[in-house]
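Q: Below is the sequence, then the predicted model.
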Amino acid sequence: MTATTDGSTGAPPPRAPSASDATAEKTDTAARHATTRATDYLLSLQDSAGWWKGDLATNVTMDAEDLLLRQFLGVQDAKLTDAAARFIRGEQRADGTWATFYEGPGELSATIEAYVALRLAGDAPDAAHMARASAWIREHGGIAAARVFTRIWLALFGWWKWDDLPELPPELIYFPKWFPLNIYDFGCWARQTIVALTIVSAKRPVRPAPFALDELHTDPRHPNPPRPLAPVASWDGIFQRLDKALHVYHKVAPRRLRRAAMRSAARWIIERQENDGCWGGIQPPAVYSIIALHLLGYDLDHPVLRGGLESLDRFTVWREDGPLGPDGPGGGPTRMIEACQSPVWDTCLATIALADAGLPPDHPQLIKAADWMLDEQIDRPGDWSVRRPQLASGGWAFEFENDNYPDIDDTAEVVLALRRVEHPDPQRVDAAVRRAVRWNLGMQSKNGAWGAFDADNTSPFPNRLPFCDFGEVIDPPSADVTAHVVEMLADVGRTHDPSTRRGIDWLLAEQEPSGAWFGRWGTNYVYGTGSVLPALAAAGFPPSHPAIRRAVSWLARVQNDDGGWGEDQRSYQDKAWAGRGASTASQTGWALMALLAAGERESAVVRRGVRYLADTQRPDGSWDEPYFTGTGFPWDFSINYHLYRQVFPLTALGRYVHGGHADAPLGD
C-alpha cells in the first residue's frame, strides 16, 4: 500500500451503503428474528420424554374404514361414531366429493368410503350433502370403478360380490423367497397387508348389511358390467387370466392345504405384532390383521386382538370443536385417524433444525432428544434380514413401535441429528452411529442406491397383479433416500468409500433433464432436489458442478412470485405441475436448503425465499400449511406432516443465518 503526500494510505474512500445493502441487512435481520421465534416455538412442542410428534393427516378413508371395521366386529360406539362422522362431513367438498389432499380433485374410492361411513353414522341418503355425493359417484362409474380395497370393504357386508374381486390365495405364504410373487417381493407395507388379506380372501365373510347401496351403482340390476380382457400377449392380459385361474383354484383348493396355509399366515401375522399391539406401526395392516385373525376364531378379548384394537385407539386425534360440513351438522368434537405416527422422523428432523438454528449442541432439550433416539435404536433382525441375513441390525424405525421394519431414511437422518448433539456420553453416541452406518451400508441395493425398507425390492411382478391397483407395492431405491444416506456417509467421513461413490453416481444419473430430482417420499421435485443438493455439497461437490448449476437454475425458474416455493401433488401425474403450486413453508424450506448448499446465500432468489418465510411466520413462531407436502404413495396417498411446516423452514433459516454446521468426521 502506497502512502500519499497528505499522509493517507491511498485506499479508496468507504463505499456508501447501497439500496441492495439495505435490503440484504433487512433480510438478515428478519431471518434472525424469525429463527429465534421458530426455535422457541419448536422447543415448546417437545414431549417431556424427549420426542417430537406432529399430527399426520391423510384422507377420510382412514376414518371411514375405522367405522367399517367396528361395524364388522360389532363394537360400535355412539360417541366415537358421531365424532368420526363430524370429521368426515367437515372434509367434504362443495361438489359432494372427498379429495385425498388439500384442494385436490374429488376421488372416487375416498368418496364412496366416506359416503358409506356417513350412512353407518345415520346420515340419510336423500340429505343434500349425501345426494350430491351419490350423484357424483354414479357419474364416475359407481362402485364398479372403485379400487380393489374399497370393494373389499363393501364385500364384507355383501355390497359387492367376492367373486368379482381379484383372488389372493393364502398359499402365497409358501412361495419360496426366490420364486416370483413371494411375499418378500412386496414392499413391507404391502406385504403385511397382503398376508392378512389372503385369509380374508379365502374366508370371504359377509356380515348383514344395515342398508342397501343401490344408489352407488350406475345400474343396480347390473352392478359389475363386464369388461374386456387385455390382449393375452400383454402383461395385464397374462395377470388377468392368472386371476381367472386362481378363482377356479379357490373352488377346488385342497382343504387341508388351505387350512394349513391360513394357519401359517396367521402365525406370520402374530409373530410380527409389535409391543404396542399394532402391525408395522401403520393402520392398514393392523385393521386387516384384526379381521383375518378374528375370522380364524380369535375373539375380541384375545390378547392379540385386544392389543390390536387398543393400538388403533392410539392413532386417533381428538379435537373439541370440528368444522361444519356442507350440509351436515357441525359443532362438537371430531375424531381423526392417523394412518401412521412419526415420532422418530419428527424428532431427528427437529433436532437437526434446532442445531442448525444455533441452539447450543449441549442444550438440555437436545440431550433429551438424543437420549430418546438412542433408546429407540433397533437391535434385532426384521424382515429386511431375509435378503441380508448376515447383516447386524442397527437402524431406526419411523414410529414409536415398529422393530420389524426399521427404515433407511430415518436411520440416516437420526445419525445426522445425533452428530449435531454434544452428548455427555460420546462413546454411546459413537457406538450407535457406527452400528447405524454399518446397517445402512449393508442395505445398499445392487444399483448403488437405497430404498426405504428393503434392499433390491424391485421385482416388476407385484405391480402387475389385478389386486394391486392402489399405490406402490414395491420399494425401489429413490433419490431422496439415497441422498440422505450419502449425506450421512459424508458426514461421518466416508465420502470416498466405494459405496458412497456408487450412490453419488446413481444420483447424478437420475437427475431429470430439467435439473430437478424426483421426490419419492415428499412432494415432489422440490423435495427430491432439496434432498440431493445438500448431499452433493456434503460430499464435496463444488457449487460450479454442472449438475448443481442445472438444479439451481430449475429452482430459480419455479420460484413463485411471492418468493416461496410450492408443488402440487398433481406433479406425480402431470409433469406440467413439477415445481408448481401454492407456496408452502416446508417446500420453501427444501428449496432454500438446496440453494444454500449450492452456495447461493447472497443471491436474490434466496433472499426472496427467506423474506417469504419471515413474512408468513405467525406471531407464535409457527407457520400455517394446509397443503399436503408429504408422500406415502405418489399421487395415491398424500400426507400432511404437521411438523414439516416447522422443522424445514427453521432448518433453512438457521443455515441462512449461521451458514450450516460442521462436525469432525467419525472415520471408518
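A: Yep, that arrived. Residues are numbered from 1 along each chain as shown.
Q: make it CA atoms for all contacts and neighbour counts henceforth
A: Fine.
Q: Tell me, what's the model's pLDDT at residue 624?
A: Taken from the predicted model, the pLDDT recorded for residue 624 is 97.
Q: typed the wrong thing, it's residue 234
A: Model confidence at residue 234, given as pLDDT, is 86.
Q: Quickly note the distance from it to residue 240.
A: Between residue 234 and residue 240 the computed distance is 10 Å (CA to CA, to the nearest Å).
Q: for residue 342, same thing?
A: In this structure, residue 342 lies at 37 Å from residue 240, with CA to CA as the measure.
Q: now do residue 504
A: According to CA to CA, residue 504 and residue 240 sit 40 Å apart.
Q: Return the per-residue confidence for the closest residue to residue 106 other than its chain neighbours.
A: Using CA to CA, 6 or more residues apart in numbering and skipping the chain neighbours, the partner closest in space to residue 106 is residue 99 (4.5 Å). For residue 99, the model assigns a pLDDT of 98.
Q: Pretty sure residue 107 is one of the things residue 99 touches, is it not?
A: Yes. In this structure, residue 99 is within contact of residue 107 by CA atoms under 8 Å, at 5.2 Å.
Q: still on that earlier bit, which of residue 504 and residue 240 has more neighbours?
A: Between residue 504 and residue 240, counted using other CA atoms under 10 Å, residue 504 has the larger neighbour count: 24 against 21.
Q: Make sure the more buried one is actually in contact with residue 486.
A: Yes. At 7.1 Å, residue 504 and residue 486 qualify as touching, with contact defined as CA under 8 Å.
Q: list residues touching both of those two?
A: Residues touching both residue 504 and residue 486 comprise residue 536, with contact defined as CA atoms under 8 Å, 6 or more residues apart in numbering.
Q: related to what we said a few turns ago, now do the contacts for the residue nearest to residue 106.
A: 59, 92, 93, 105, 106, 107, 110, 111.
Q: next one: residue 449
A: Counting by CA under 8 Å, 6+ apart, the residues that residue 449 touches are 477, 478, 479, 482, 502, 503, 506, 507.
Q: next one: residue 317
A: Counting by CA under 8 Å, 6+ apart, residue 317 makes contact with 55, 335, 336, 337, 338.
Q: Now the two most distant members of the residues you listed.
A: Set against one another by CA to CA, the contacts of residue 317 have their most distant pair in 55 and 335, with a gap of 12.4 Å.
Q: Looking only at neighbour counts, state which of those two leads.
A: The neighbour comparison of residue 55 against residue 335 (other CA under 10 Å) goes to residue 335, with 22 against 19.
Q: Out of the contacts of residue 99, which is nearest to residue 356?
A: Among the contacts of residue 99, and counting by CA to CA, the member closest to residue 356 is residue 59, at 32.9 Å.
Q: Assess the claim that that closest one and residue 104 are in contact.
A: No. When contacts are counted by CA under 8 Å, residue 59 is not listed as touching residue 104 (11.1 Å).
Q: quick one: which of these two has more around it?
A: Ranked by neighbour count (other CA under 10 Å), residue 59 and residue 104 place residue 59 first, with 24 against 15.
Q: The closest residue to the more buried one other than its chain neighbours: what's it in contact with?
A: In space, and not counting its chain neighbours, residue 59 is closest to residue 100: 5.2 Å by CA to CA, 6+ apart. Shown here is residue 100, whose contacts under the criterion CA under 8 Å, 6+ apart are 58, 59, 60, 106, 107, 110, 636, 637, 638.
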